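Colleague: Build me a model from this:
(4 chains)
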2 protein chains.
Amino acid sequence: MASIHDVARVSGVSISTVSYALSGKRPVSEATRARIAKAAKELGYQPNARGRMLAGRRTQLLALTAPLHAETSAPAHMAFVLAVVTAARRYDYDVILLTEEEATGGLSRVTSSKLADGIVVLDVAIDDHRVDLIRDLDIPAVLIGVPGNTAGLVCVDLDFEAAARLAVDQLADNGHTSLALLGEPHAVYERGSNYPRRFRDALLTHAAARSVDCIFVESSKNPVDVRAAIDTALAAEPRPTGLVMQCAEPSQVTTLEHLAARGVRIPAELSVISAASTFDTSRFTPPLDVIPLVPAETSDRAIDLLMTTFSKRHEPVVELLAPRYFANGSVGPPPARSIPRPHTN
Amino acid sequence: MASIHDVARVSGVSISTVSYALSGKRPVSEATRARIAKAAKELGYQPNARGRMLAGRRTQLLALTAPLHAETSAPAHMAFVLAVVTAARRYDYDVILLTEEEATGGLSRVTSSKLADGIVVLDVAIDDHRVDLIRDLDIPAVLIGVPGNTAGLVCVDLDFEAAARLAVDQLADNGHTSLALLGEPHAVYERGSNYPRRFRDALLTHAAARSVDCIFVESSKNPVDVRAAIDTALAAEPRPTGLVMQCAEPSQVTTLEHLAARGVRIPAELSVISAASTFDTSRFTPPLDVIPLVPAETSDRAIDLLMTTFSKRHEPVVELLAPRYFANGSVGPPPARSIPRPHTN
DNA sequence: CTGAAAGCGCTTACAG
DNA sequence: CTGAAAGCGCTTACAG
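Modeller: Model prediction:
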């Protein structure tokens, strides 16, 4: 394997000139540059990362801490991991994946050994051990997600509160006065990442602010429970004419099938919005309006901020990306006249 | 940040003695060792990975090439990525995740820059560009999966042919003479990893060898199509009394629900086996017999082989792990007397 | 525009 | 049992 010395010898210059010619950090005469380029190409020279890491101040390596809980949705998780790696590559960074249960161990290790230049934290919980560690560690870090206490941190996430308001407004502006939210399975709110909670709370709050009734039901990995939840929601009084789903793809598919089976027409009888989804709701039956989760944009922005941190100390900031609404025809006005059902109770 | 020089100074020895004391690669007197350990602890010394990489012959870094296609099942994919990282950590290795579409670019990069000590290839297709590259690259590598041409390679995988035979035997031995296989969606056989093909082909071949009829149908992301496929399968002549499912979890759940809706009792009227599954079929309704995919065992073995390769050149080998069968009560004898249906056609 | 040299923080023969 | 020193392959002040 050719080294920088080989390239220097073949092109008749010093190794420093080779280094500068290849990095462009110092002007090099065109003739010299050409000879060096030719030699490097002939020899198939690739700078050795080990030498570069030690001499330079960068390893060009990021650590991504992305633990998988039982409650984690694998597709969404994968989408973010993929997006982070792709975003890092734009800056010529590679990504070390930290998955261990005792996630803080991995963080300490790659930090104290100076393996990574920076850290990306995925799937942030409200009360996250990794976040406390990050604050202590003297290493640039960015969180994708928002923990309970953001002091001293750089965070990027979708604005889930705004997304919830957007969903409510969309339905309220269409004239709906009673909604249902099909949320994540119960365990997610207990132990999972915190955005489902932020979304749910904001949605209920904003519905109340707009004088819209809203019933909240939880989904499940079990389709039977999903259908029961939907039945519960639709039995609410006054009967919901709008449904917001913020849950995994299988639960949304089950719901649509169940609604079809019950003969509930979308949007004639029920308007439906899919929220915080990473999957393609435009190919559902029927296609659904969606406020998508945006792994690529979120990760790009997170990595941009992290790279900024490398040059100049970045002040703590929580950047929330504005949600966007994509209409696919699943939202309309509520049924002209809802037939009042007999009062029980 | 304390360096090895600091530790040497504080403990009154040379840096080489510190290095040897900490690595254990040379005997060090107990007294000296104790002083060094004390100093290292006081100073919070952690060896610098950059220096270690350059001086030693190892980076303690593995590259994992795990591209995500549209056809990839995210949960299974995640399970393997997680298992590989966990397996690598047993040897104090960290894992760099390579996900790029042009996966060969990443492989060349980490190899020629000497960033990684070895490579793990996931999700191997029959005709995989990465495999050709691996053969050319002068770096230890192990594949999880089996490509069409295994010459010169070290591969580890579940023995899918044996798994298929096991499923057939289990049903045939119970007296079934007509089976159905619900496989992956069509695109998986066209472009995805190759084990579904190996499983399907072996199952059909072995069924024929045992004089068992077998109809093959494909699943889908769309539940409607899954139900149609099951209907097609059960309409086959002679009517199947055994069903093998080798497809994603949602399709298996849909199938069980559809069978329940059709009033098909398991195993009284239909025996069912779930194959190559990474999810827990014992909590399905009803619980299913399963021949699981084993990410942990497969990855552990793959990493063991890779580590062996580091010390002494390992001869090419294809290691297939024996499948195991877990009974959960979903397989029994076929219905005592199948009511012959009127001959159409 | 270019070079000689120091140095990044370790590991590991070579000596004693 | 321990130390002085070379060297891993680069980058980057320092000089000219």
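
Colleague: what does the stretch 151-300 of chain A have sitting close to DNA strand C?
Modeller: Within the stretch 151-300 of chain A, no position is near DNA strand C by Cβ under 7 Å from any atom of the strand. Heads up, the C-betas are built off the backbone N, CA and C, glycines and all.

Colleague: Chain B contacts on the stretch 151-300 of chain A?
Modeller: Counting by Cβ under 8 Å from any Cβ of the partner chain, the stretch 151-300 of chain A comes close to chain B at A:N222, A:P223, A:V224, A:P250, A:V253, A:E257, A:T285.

Colleague: does A:T65 really touch A:A103, like I thought?
Modeller: Yes - at 5.3 Å, A:T65 counts as touching A:A103 under the criterion of Cβ atoms under 8 Å.

Colleague: of the two, who's got more company?
Modeller: A direct count of neighbours by other Cβ atoms under 10 Å in any protein chain shown for A:T65 and A:A103 places A:T65 higher, at 26 against 19.

Colleague: got the contact list for the more buried one?
Modeller: A:T65 sits next to A:L98, A:A103, A:G106, A:L107, A:I119, A:V120, A:V121, A:L122, A:R130 when contact means Cβ atoms under 8 Å, 6 or more residues apart in numbering or on different chains.

Colleague: would you say the fifth one is within a strand?
Modeller: Yes - secondary structure assignment (DSSP: H, G, I helix; E, B strand; the rest coil) places A:I119 inside a strand.

Colleague: any idea how far chain B is from it?
Modeller: A:I119 sits 13 Å away from chain B, going by Cβ to the nearest Cβ, to the nearest Å.

Colleague: what's the answer for the last one, then?
Modeller: The gap separating A:R130 from chain B is 16 Å, by Cβ to the nearest Cβ.

Colleague: What score does that residue have for pLDDT?
Modeller: Model confidence at A:R130, expressed as pLDDT, equals 93.

Colleague: give me every residue that touches it.
Modeller: A:T65, A:A103, A:T104, A:L107, A:V121, A:V124.

Colleague: Assign the fourth one to helix, strand or coil.
Modeller: When states are read from three-state DSSP, the local structure at A:L107 comes out as helix.

Colleague: Just give the number of residues close to it.
Modeller: A:L107 sits with 24 neighbouring residues when counted by other Cβ under 10 Å.

Colleague: show me what contacts it?
Modeller: Contacts of A:L107 (Cβ under 8 Å, 6+ apart): A:A63, A:T65, A:L98, A:I119, A:R130, A:L133, A:I134, A:L137.

Colleague: List buried residues within these.
Modeller: Taking 16 or more other Cβ atoms under 10 Å in any protein chain shown as the criterion, what is buried in the contacts of A:L107 is A:A63, A:T65, A:L98, A:I119, A:R130, A:L133, A:I134, A:L137.

Colleague: which non-adjacent residue is nearest the first one?
Modeller: The spatial neighbour of A:A63 that comes closest, neighbours along the chain excluded (Cβ to Cβ, 6 or more residues apart in numbering or on different chains), is A:A116 at 4.0 Å.

Colleague: Now do that neighbour against B:D213, distance only.
Modeller: A:A116 sits 57 Å away from B:D213, taking Cβ to Cβ, to the nearest Å as the criterion.

Colleague: could the contacts of A:T65 go into TSV alongside distance to B:A167?
Modeller: Converted to TSV, these look like this (distance: Cβ to Cβ, whole Å):
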residue	distance to B:A167
A:L98	37
A:A103	38
A:G106	39
A:L107	43
A:I119	45
A:V120	42
A:V121	43
A:L122	37
A:R130	43
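
Colleague: Minimum pLDDT in the residues you listed, which residue is that?
Modeller: A:A103 (72).

Colleague: Am I right that it is in contact with A:P67?
Modeller: Yes - shown here, A:A103 and A:P67 form a contact pair, counting by Cβ under 8 Å, at 4.9 Å.

Colleague: Quick one: residues in contact with stretch A:292-310.
Modeller: Looking at what lies outside stretch A:292-310 - Cβ under 8 Å, 6+ apart - the contacts are A:58, A:62, A:76, A:79-80, A:82-84, A:86-88, A:90-91, A:93, A:117-118, A:120, A:140-144, A:154, A:156-158, A:276-278, A:314, A:317, A:319, A:321, A:324, A:326.

Colleague: Among these, which ones are in helices?
Modeller: Counting by DSSP state H, these place A:A76, A:A79, A:F80, A:L82, A:A83, A:V84, A:T86, A:A87, A:A88 in helices.

Colleague: ok, now which ones touch the first one?
Modeller: With contacts defined as Cβ under 8 Å, 6+ apart, A:A76 is in contact with A:T278, A:L293, A:P295.

Colleague: Could you report the pLDDT at the last one?
Modeller: The pLDDT attached to A:P295 in the predicted structure is 97.

Colleague: any idea how far it is from B:A322?
Modeller: Using Cβ to Cβ, A:P295 is found at 38 Å from B:A322.

Colleague: Can you pick out the residue with more neighbours from these two?
Modeller: For A:P295 versus B:A322, neighbours defined as other Cβ under 10 Å are more numerous around A:P295 (22 against 9).

Colleague: what are the phi and psi angles of that one?
Modeller: The phi/psi pair for A:P295 (degrees, to the nearest 10) reads phi -60, psi -40.

Colleague: Now do the end-to-end distance for stretch A:311-328.
Modeller: End-to-end distance for stretch A:311-328: 43 Å, by Cα to Cα, to the nearest Å.

Colleague: Residues in contact with it: which ones?
Modeller: Taking Cβ under 8 Å, 6+ apart as the rule, stretch A:311-328 contacts A:140, A:146, A:150-163, A:166, A:170, A:281-282, A:286-292, A:294, A:297-298, A:301, A:305, A:308.

Colleague: Next, the buried residues of that stretch.
Modeller: Using 16+ other Cβ under 10 Å as the test for burial, stretch A:311-328 gives A:E319, A:L320, A:L321, A:P323, A:Y325, A:N328.

Colleague: measure the most centrally placed residue in chain A to A:I96 for me?
Modeller: Centroid-nearest residue in chain A: A:P295, 4.2 Å away (criterion: Cα atoms, centre = their mean). With distances taken as Cβ to Cβ, A:P295 is found 19 Å from A:I96.

Colleague: For A:L182, what is the enclosing helix or strand?
Modeller: Assessed by DSSP states H and E, A:L182 sits inside strand A:178-183.

Colleague: Just want to check the distance between the residue lying closest to A:L171 once chain neighbours are set aside and A:V331.
Modeller: Distance criterion Cβ to Cβ, 6+ apart; nearest residue to A:L171, sequence neighbours excluded, is A:G242 at 3.9 Å. As defined by Cβ to Cβ, A:G242 lies at a distance of 8 Å from A:V331.

Colleague: Neighbour count: the two, which is higher?
Modeller: Between A:G242 and A:V331, counted using other Cβ under 10 Å, A:G242 has the larger neighbour count: 28 against 23.

Colleague: pretty sure that one is in contact with A:L181, am I right?
Modeller: No - using Cβ under 8 Å as the test, A:G242 is too far from A:L181 to be in contact (9.6 Å).

Colleague: Near the closest residue to A:S3 other than its chain neighbours, how many residues? Count them for me, please.
Modeller: Excluding the flanking residues, the one nearest A:S3 by Cβ to Cβ, 6+ apart is A:N48, at 7.0 Å. Neighbourhood size, A:N48 [other Cβ under 10 Å]: 19.

Colleague: Contacts only, for A:N48.
Modeller: Going by Cβ under 8 Å, 6+ apart, A:N48 touches A:M1, A:S3, B:S113, B:K114.
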